[in-house]
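Asks: sequence unknown, structure follows:
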């Protein structure tokens, strides 16, 4: 018997065909677009809604990397540098997220925190895409299977956060 979940797939579920790196790159691109959109906004209500989306995307992305992608990469590469550095960078991002998530966009300090968050994300993405991803791709990791795990976990986390899929 087919369930409704097999009939209607969420956007992340359709990414199950994507390999892990393609999925993570797509997340990076989506968040960069959200940060670019933030710069154009003036309305505090619109800023707050967009920051909520940014925080959801970043939080879920960091969690799937930490739970699934980073351990697989660390094991495959026998890595002692890239993954620990990326994990520390995630901690800094999480600290900034905590400072803006659910808060009112009340002026220059709030905007400055979003700017710094965007800069941290840009730096982190550059390192992942320039160093970690090429090294991970060169391993025997099954990127399709890893991508499916990432997509499924992403769906779970977005649903738990009440975020649209």
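Replies: That came through, no problem. These numbers were taken from a predicted model, which means no experiment stands behind them. Numbering: from 1, shown residues only.

Asks: ok, which stretches of this protein are helices?
Replies: 4-7, 11-14, 20-40, 44-64, 70-77, 82-100, 108-127, 133-137, 143-160 (DSSP state H).

Asks: Serialize those to TSV and add fields for mean pLDDT and mean neighbour count.
Replies: C-beta coordinates here come from the backbone N, C-alpha and C atoms, glycine included. Shown next, in TSV, are the helices of the chain (pLDDT from 0 to 100; neighbours: other Cβ atoms under 10 Å):
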stretch	mean pLDDT	mean neighbour count
helix 4-7	36	8
helix 11-14	46	16
helix 20-40	98	16
helix 44-64	97	19
helix 70-77	96	17
helix 82-100	96	16
helix 108-127	96	15
helix 133-137	97	16
helix 143-160	96	18
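
Asks: center of this structure, which residue is that?
Replies: residue 61 (2.5 Å; Cα atoms, centre = their mean).

Asks: got a list of what that residue touches?
Replies: 24, 27, 31, 154 (Cβ atoms under 8 Å, 6 or more residues apart in numbering).

Asks: in a markdown table, list those along with distance to residue 50.
Replies: Below are those laid out as a markdown table (distance: Cβ to Cβ, whole Å):
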| residue | distance to residue 50 |
| --- | --- |
| 24 | 22 |
| 27 | 16 |
| 31 | 11 |
| 154 | 20 |
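
Asks: which two among those are spaced furthest apart?
Replies: 31 and 154 (13.1 Å; Cβ to Cβ).

Asks: ok, and what's touching stretch 26-42?
Replies: Contacts for stretch 26-42 (Cβ under 8 Å, 6+ apart): 15, 18, 47, 50-51, 53-54, 57-58, 61, 114, 117-118, 121-122, 125, 128-129.

Asks: how about stretch 81-89?
Replies: Counting by Cβ under 8 Å, 6+ apart, 65-66, 70-71, 73-74, 77, 120, 123-124, 127-128, 131-132, 135 sit against stretch 81-89.

Asks: can you do 6 Å?
Replies: The list of residues contacting stretch 81-89 from outside it, by Cβ atoms under 6 Å, 6 or more residues apart in numbering, reads 70, 74, 124, 132.

Asks: ok, now stretch 129-140?
Replies: Taking Cβ under 6 Å, 6+ apart as the rule, stretch 129-140 contacts 21, 73, 76, 77, 82.

Asks: rerun that using 10 Å as the cut-off
Replies: Stretch 129-140 has contacts (Cβ atoms under 10 Å, 6 or more residues apart in numbering) with 19-22, 24-25, 28, 65, 69-70, 72-79, 81-83, 85-86, 125, 127-128, 143, 146.
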